[in-house]
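Peer 1: got a predicted structure here, sequence first:
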Amino acid sequence: MKAYAYVVGPQDVAWTTLFDMAGDLGFAGISDFRGLAQVEEQAGETPICYFLFSAVSDLRALRPLARDIRFSPSAHIRFAPMVYCAESLSVENIMACINMGFDDIVALPQSGPRLQARLARQVDRTVVFYETPGYFGPDRRNRLASLNARRPQSRAAGPYRRLEIVRTLLSGVSVLRDEFSPAPAAVAAMQTLQQTA
């Protein structure tokens, strides 16, 4: 796979296991994560760089870095595949990863071919991203709805941006569509102004 992988997390047993697994997945190269400037430089050689996050005991520790990646001004970084590799899955951990903008959450251990196939799903297909003031990442509303089936939805709808992208190993990220939708209250106000004019 002509993509590069950064293994992110504290260099403990989970990190070492993930690093060793990534070495067998056919990436053009892998390394430990040392900062976003490192990724930007690498993107000149391999336009797609994966962020493989190793399991941590407290997912809140990942939030600042996930936010820096997802809100980066660089498209190479902002749209990069982010995958959390968990030692065990729980609804709380899945929801936390979704809310941070991860593309996928994978439970380890897995066979190399199965993990490779899972990671390959991040390229050569259209992916819808949403951006709100506090979120930027893949459209995971269907996943959140199934996890929140019994919880009432209390979020007020606000303005958002919807982007359709495709990641390819040869050219990197292409934005196919970029649409902005204002808050429903702003739309209603505009319609009222148009009707009274």
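Peer 2: Alright, I've got the coordinates. Numbering: from 1, shown residues only.

Peer 1: mind checking the SS state of Phe19?
Peer 2: helix (DSSP: H, G, I helix; E, B strand; the rest coil).

Peer 1: should've said Asp124
Peer 2: coil.

Peer 1: and it, what is it in contact with?
Peer 2: Contacts for Asp124 were tallied using Cβ atoms under 8 Å, 6 or more residues apart in numbering; they are 166-169. Every residue, glycine included, has its C-beta placed from N, CA and C.

Peer 1: list only buried entries from those.
Peer 2: Neighbour counting over these (16 or more other Cβ atoms under 10 Å) leaves 166-167 as the buried ones.

Peer 1: and of the contacts of Asp124, the nearest to Ala28?
Peer 2: Leu169 (9.1 Å; Cβ to Cβ).

Peer 1: how about that closest one: what's its closest non-neighbour residue?
Peer 2: Lys2 (4.6 Å; Cβ to Cβ, 6 or more residues apart in numbering).

Peer 1: secondary structure class for the residue nearest to Ser171 when sequence neighbours are not counted?
Peer 2: Among residues not flanking Ser171 along the chain, Pro47 sits closest, at 6.2 Å (Cβ to Cβ, 6+ apart). Classification of Pro47 using three-state DSSP returns coil.

Peer 1: how many residues are close by Pro47?
Peer 2: By the measure other Cβ atoms under 10 Å, the count of residues near Pro47 is 20.

Peer 1: who touches it in this structure?
Peer 2: 76, 168-173.

Peer 1: then Val8?
Peer 2: By Cβ under 8 Å, 6+ apart, the neighbours of Val8 are 33, 51-54, 62, 65.

Peer 1: what is the nearest of those residues to Arg114?
Peer 2: Leu52 (14.9 Å).

Peer 1: what's the helix or strand the closest one falls within packed up against?
Peer 2: Element membership of Leu52 [criterion: DSSP states H and E] is strand 49-54. In terms of contacts (3 or more Cβ pairs under 8 Å, 6 or more residues apart in numbering; DSSP states H and E), strand 49-54 is packed against strand 4-8, helix 13-23, strand 82-86.
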